[in-house]
Every structure is written in structure tokens, then in C-alpha cells.
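Engineer: Output the structure for:
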Amino acid sequence: MSSKRFYILFVVGFLASSTSLFSQSDKQKKLEAQRQQVLKEMKQINALLYSKKKEQKSEITLIENLNAKVSARENLIRITNQQANLLTRQINSNQKEITSLRTQLQELKDDYAAMVVKSYKSKSEQSKVMFLLSSDNFKQAYKRLQYIKQYANYQKEQGESIKTKTTELQALNIQLSKQKEDKQKLIEENRIAKRELEKEKQQREILMASIKSDMSKFSAQIKKKRQEADRIDKEINRLIREAIASSNKKAGKKTSTGKFVLTPEAKKLASNFQANKGKLGWPVSRGVIKGKFGKTRSLIDNTVEVNNSGVKIATEKDAEVKAVFNGVVHKLFIVKNANSGIMIRHGNYFTVYYNLSKIYVKSGQKISTGEVIGQVFTSRVNGESLLDFRLFKDKQKLNPQYWLSKY
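Structural biologist: Residues are numbered from 1 along each chain as shown. Here you go, the predicted structure:
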């Protein structure tokens, strides 16, 4: 292989492997960030759902708490597996790169050794002078002089290439050792996580068996909860329809699309709200999502469908509730046989904060991001503090999890 061709192949190969390594490194960083997020969530679950030993929780509440824990643990195992698999690919890639580097390094050393021998045999200044003087003309002598210089420079470059390759090989070996250590650590952490997961699933099964022995009692509780949820949904939907109709009437517009006709000011506010998707602050300082958005099957009775219009955030006792974005308080409302709520309008978006024991704002009041607007209701029966948080665009329900920032 010619030196020039070898150099080109080396550069191309180095750039390709570097791009791959950078890409894998970015993936690993993202996965580690996700893993740390889940670990933080699990700490919140333990702190908020399992710290109150004295309070007697119902079997349904205990099942919900365990399910939140199991779900987080399964997520942790999944992410850790992804990290371990990515590390395996990186280790294999580095091992191949090390083998290739060793081969290239040996070729460089052999080539360099041959040059040294050749240089030694013709090292005398006299031989170089004779080489120049034997030229047929000045042009040939000049070319031979250039060749001597180029050859000397090439020797120097080969020496530097050997040093560079050696350093690169040493760095890869260190990186490989670190990757193997990291992988082993992840495997051990996953082993522990899987043992804990099995324990939690067994606890859940024991609770489920207890519940099934008296299913009629718990079916009545589930039915009562669903009826309450339906009343809340109907009231919030009614308030939103009224808000759209009233707002559009004031603007002198009639629309049957069920959407707001926005003023320039409201349009700007809505645009700013939209731009903060995934970055909105949480409505409580400490919280964990216990009830997720959308349709799911009841944990107690899988023949019953549960449809959450928002998310239920478990938080601390009497926790303060904060507005997630600038807006105007549209309505304070109370649902029959239930608790209070606040609706804040952000252009054609609404955020709803329900299950409050105290309210600190009034209708029509301008609200700033992070402003305290009320206090979460804490159940005297089981000590549970659950904020029902919802998000709408016009009449459309949105999943708040996609809008709130990561803790």
C-alpha cells in the first residue's frame, strides 16, 4: 500500500469512527439523563406516597401507589437495559478499532524501520552530493534536491504518525476499560432493580387477591369515583363552551367551530404558551404523576374503563398550587359533592387546577407564571394530596405530561 493511499484511508476511517463515537456518546448522555429523571421520580414516589406510615390508606389507594412504583421501576429497567446494550455496541466497536489501530501501527513501524535502514545506507553527505552532481541538467538536480527534502519530511511525518497512533491506541484502551466498568455497574443495578420489582409485584398481587375476595365493596367505590369524575368533566366542558361563546360574542364573531376567535393580544399569549410546550413549570413544588392522561383499564376491575381528562399529581400535605403560565383567571368553580377548582385562560388555551381546599385568586385577575393561586386538598381519611391538573386548547383535551418540564 502506498503511503499516500494509506494516509487517505486512515483519515477517512478516523473521521467515520469519530462520528460514530460522538453519536453513541450523545445517545448515552440522553439515556443517562432519562435514567436520572426516573431515579428522581422514584425518590418522589417514596417521599410522597410511602412516608406517611401512620395514615391508613384504602386498598385502592395502596394499589394505585404500588402501580406508580412498579411503572417507574419498569421504566428504570428498560432505560438501564438500553444503556447496557449501547455500551456493548461501543465496546465491540472500540475493540475492532483497537485491533485495526494495532495493525496500522505495526505497518507504520515496519515502513519506518525500512526507511531508517535505507537512510542509514545512504546517510553520508558525500552520497547525497554525488546524487545531485550526477544529474544531467540543472532541472534534474533541482528535482533531486526536492526529493531529498520530501523524503526527510516524510520520515518525520511517519515518526509523528506513530506517536499519534500510539496515543490514540492508549486512549481507546482506557476508554474501553471505563466502558466495561460502566456496563458491569449498570448490570448490577439492574439486577437489584429486578429483585425490587418482583417484591413490588408480589405485594400488588397480594392486595389484588384481598380486593377480589370482596369485589362488590370495591366496585361500588370505583363506580362512585367514576361518577364524580364524570361530574367534573361535564362541568369543565360546560364552562369552556360558555367561555368560547361569550368571548366570540364580545368580539362580534359567531362561530360554530367551537374555537376562540382571538384578539391580537390573546393570539400573542397563546403563541407564547405554545412555544413553551415541554417547558412549563409544574403546578406544585414537589409532585409525582399518579394518574396518567387518557383511557386505561381500572387496576381493580379490568372490565371498567377509566378515562382521565388530565393528570393526577400526588404532592405534599396542603401543598401550594402555582400557575404554570401567564394568563387570566377565567372561572372559580365548585363541583357538587366535591371540591373547588380554578380555570386560567391563556389565549385559546386553558389550564385547570382542581381538588383545592383554598383559593387565593378571583375571576378576571391577571396571573403571572409561578404565582400561588391556591392550596391542594388533603384527605383526612388517608392523608393523600392529589391535584387534578388539566390542559385544553379550545375544547380539545391535551396531555399535560407533554407540556410540563422534566423535573
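
Engineer: List the buried residues of stretch 388-406.
Structural biologist: Neighbour counts using 16 or more other CB atoms under 10 Å place 388-393, 395, 397-398, 400-401, 403-404 of stretch 388-406 among the buried residues. (C-beta placed from N, C-alpha, C; glycine too.)

Engineer: If you drop the residues flanking it in sequence, what lies closest to A68?
Structural biologist: Nearest non-adjacent residue to A68, counting by CB to CB, 6 or more residues apart in numbering: K290, 5.2 Å away.

Engineer: Make sure that neighbour is indeed in a helix.
Structural biologist: No: counting by DSSP: H, G, I helix; E, B strand; the rest coil, K290 falls outside a helix, being strand.

Engineer: quick one: it and T315 touch, right?
Structural biologist: No: if you go by CB atoms under 8 Å, K290 and T315 don't touch, sitting 9.7 Å apart.

Engineer: Between those two, which contacts overlap?
Structural biologist: Residues touching both K290 and T315 (CB atoms under 8 Å, 6 or more residues apart in numbering): L386.

Engineer: ok, which stretches of this protein are helices?
Structural biologist: Ranges of helices in the chain, per DSSP state H, are 3-49, 59-121, 125-133, 138-212, 215-250, 264-275.

Engineer: Need the mean per-residue confidence for the longest one.
Structural biologist: Rounded to a whole number, the mean pLDDT of helix 138-212 is 75.

Engineer: Could you do the shortest one as well?
Structural biologist: Looking at helix 125-133 alone, the average pLDDT works out to 53.

Engineer: Kindly report the same for stretch 293-312.
Structural biologist: Regarding stretch 293-312, the rounded mean pLDDT is 77.

Engineer: Compute the first-to-last residue distance for it.
Structural biologist: Stretch 293-312 has an end-to-end distance of 8 Å (CA to CA, to the nearest Å).

Engineer: Ok, stretch 319-331 next?
Structural biologist: Terminal-residue distance, stretch 319-331 (CA to CA): 21 Å.

Engineer: give me the number of residues near T61?
Structural biologist: T61: 19 surrounding residues under other CB atoms under 10 Å.

Engineer: List the buried residues for the top strand by length along the chain?
Structural biologist: Longest strand of the chain, by residue count under DSSP state E: strand 349-359. Within strand 349-359, the residues scored as buried using 16+ other CB under 10 Å are Y349, F350, T351, V352, Y353, Y354, N355, L356, I359.

Engineer: I'd like those written out as a markdown table, with distance to I45 and pLDDT added.
Structural biologist: Below are the buried residues of strand 349-359 laid out as a markdown table (distance: CB to CB, whole Å; pLDDT from 0 to 100):
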| residue | distance to I45 | pLDDT |
| --- | --- | --- |
| Y349 | 29 | 95 |
| F350 | 29 | 95 |
| T351 | 24 | 96 |
| V352 | 24 | 96 |
| Y353 | 22 | 97 |
| Y354 | 22 | 94 |
| N355 | 19 | 94 |
| L356 | 23 | 95 |
| I359 | 28 | 95 |
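
Engineer: quick check, nearest of those residues to Q203?
Structural biologist: N355 (27.0 Å; CB to CB).

Engineer: quick one, what contacts the closest one?
Structural biologist: Counting by CB under 8 Å, 6+ apart, N355 has contacts A338, N339, G341, V376, F377, L386, L387, D388.

Engineer: Could you do A270 as well?
Structural biologist: A270 neighbours (CB under 8 Å, 6+ apart): L262, H346, G347, N348, Y349.
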